[in-house]
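S.K.: Predicted model, plus sequence, below.
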Amino acid sequence: MQQLTLVPRLMPAVRGGEKTSTLRWQEAEIVTGPLRLVNLQDEADTVIVWVTCVETLCLSEVATRLGKEAEWPDAVLLEGMREHYPDIRLSSEVQLITHLTPAQTQQRLAEP
């Protein structure tokens, strides 16, 4: 199963269904289907989600695509992404990975 790590503070939002996307830069290619998200600080802490869409776009386009222009002006988005990817730029192509909630994923996996 494909896998990505996630910072610990985001795991509750994924589990609760509030977080249904992640941004990645220069990491393994992700495709639609099941994805294991692993807590970066505790490999035993995982959650399975179903990837529904993977889009490649410039980092500068992400806030508009997600309707978060007010929350993520360019400087804020760039600063946040540089915590994980120090060399990223607004012109960098990133993967926007959209997924179902864990509950929706369980339903999908249970379907015949």
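M.R.: Cool, got the structure.

S.K.: ok so Arg108 is a helix residue?
M.R.: Yes. Judged by DSSP: H, G, I helix; E, B strand; the rest coil, Arg108 forms part of a helix.

S.K.: where's it relative to Val94, distance?
M.R.: Plainly put, Arg108 is 25 Å away from Val94 if you go by Cβ to Cβ, to the nearest Å. Heads up, the C-betas are built off the backbone N, CA and C, glycines and all.

S.K.: which of these two has more neighbours?
M.R.: More crowded of Arg108 and Val94, by other Cβ atoms under 10 Å: Val94, with 22 against 14.

S.K.: What's opposite that one in the beta bridge?
M.R.: Val94 has the following beta-bridge partners by DSSP bridges: Leu57.

S.K.: list the contacts for it?
M.R.: 23-25, 56-59, 62, 81, 88 (Cβ atoms under 8 Å, 6 or more residues apart in numbering).

S.K.: middle-most residue in this protein, spatially?
M.R.: In the chain, the residue lying closest to the centroid (Cα atoms, centre = their mean) is Thr22, at 1.2 Å.

S.K.: quick revisit: out of the contacts of Val94, flag the one nearest to Pro12.
M.R.: The shortest approach to Pro12 among these belongs to Leu23, at 18.4 Å (Cβ to Cβ).

S.K.: Quick check: phi and psi at the closest residue to Asn39 other than its chain neighbours.
M.R.: The spatially closest residue to Asn39, leaving aside those adjacent along the chain, is Asp45, at 3.6 Å (Cβ to Cβ, 6 or more residues apart in numbering). Main-chain torsions, Asp45, degrees, to the nearest 10: phi -90, psi 100.

S.K.: Equivalent analysis for Asp87, please.
M.R.: phi -90, psi 0.

S.K.: what's the burial count for it?
M.R.: 8.

S.K.: Report the secondary structure state of the nearest residue to Lys19 once chain neighbours are set aside.
M.R.: The shortest distance from Lys19 to any non-neighbouring residue, by Cβ to Cβ, 6+ apart, is to Ala13 (3.8 Å). Recorded secondary structure, Ala13: helix (three-state DSSP).
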